[in-house]
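K.L.:
using only what follows, build the 3D model:
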Amino acid sequence: MNKRKAEFIRFVAIGGINTLNYYLIYMLFHHLWNTSYGVSHVVAFTLSMIASFFLNSYFTFKVKPTLRKFLQFPLTQVVNFTVTTVCIYLLVEQLNVSTTFAPLFAIFIAVPATFIVTSKILKREQSTI
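P.N.:
Numbers count the residues shown, from 1 in each chain. Now for the predicted structure:
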C-alpha cells in the first residue's frame, strides 16, 4: 500500500474516533452536567478538534506538531464545513436528492478535500525567518 493511501485510511479512522470523542463530550456536558446544547456543542467541537490535531499529527501524518500548525489547523474545519454545505445544497436543490441522504453523499466529497488541506497544513515545513 502506498504512503498516501495509508495516510488516508488512518485519516478516516481518526475521523471516526474524533466523531465519537465529540459526541461523548457533548453528551457529558449537555446531559450529565446540564449545560446548554449550544455551549456543549462548542466545548465538544473545540476539544475534539484539539484532539484531532494531535492524533492527525502523530498518527495519520507522523509529523511533529507545532504552534503554527496548531493555529492553522482550524482551517481544515472551514474547508470541511464549506464543502459539505455546498454539496448538500447542490444535491438537494439541483439534483433533487433527499435531505436525508444528501449529507451522507456530501461526506464522501468533503473527506478527501479535508484530507488534502489537513495534509498540506500538517506536513508544511517550518520556514526560518
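K.L.:
rest of the way, CA atoms for contacts and neighbours
P.N.:
Fine.
K.L.:
which residues touch the residue nearest to the spatial centre of the chain?
P.N.:
By C-alpha atoms, centre = their mean, the mean C-alpha position of the chain lies nearest to residue 77, the distance being 5.5 Å. Neighbouring residues of residue 77 by C-alpha atoms under 8 Å, 6 or more residues apart in numbering: residue 114.
K.L.:
name the helix or strand for it, please.
P.N.:
helix 74-89 (DSSP states H and E).
K.L.:
what residues sit buried inside that helix?
P.N.:
By neighbour count with 16 or more other C-alpha atoms under 10 Å, helix 74-89 contains the buried residues 74, 76, 79-80, 83-85, 87-89.
K.L.:
how about stretch 61-70?
P.N.:
Buried residues in stretch 61-70, defined by neighbour count with 16+ other C-alpha under 10 Å: 61, 65, 69-70.
K.L.:
how about low-confidence regions in this structure?
P.N.:
Counting by pLDDT under 70, the ranges of the chain that qualify are 126-129.
K.L.:
try it again at 80.
P.N.:
Across the chain, residues meeting the criterion (pLDDT under 80) sit at 1, 104, 125-129.
K.L.:
show me where it has helices.
P.N.:
Secondary structure of the chain (DSSP state H): helices at 3-27, 37-55, 67-72, 74-89, 102-123.
K.L.:
make CSV from these and add distance to residue 95 to it.
P.N.:
Compiled in CSV, these are given as follows (distance: least, C-alpha to C-alpha, whole Å):
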stretch, distance to residue 95
helix 3-27, 27
helix 37-55, 31
helix 67-72, 34
helix 74-89, 9
helix 102-123, 10
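K.L.:
cheers, nothing more for now.
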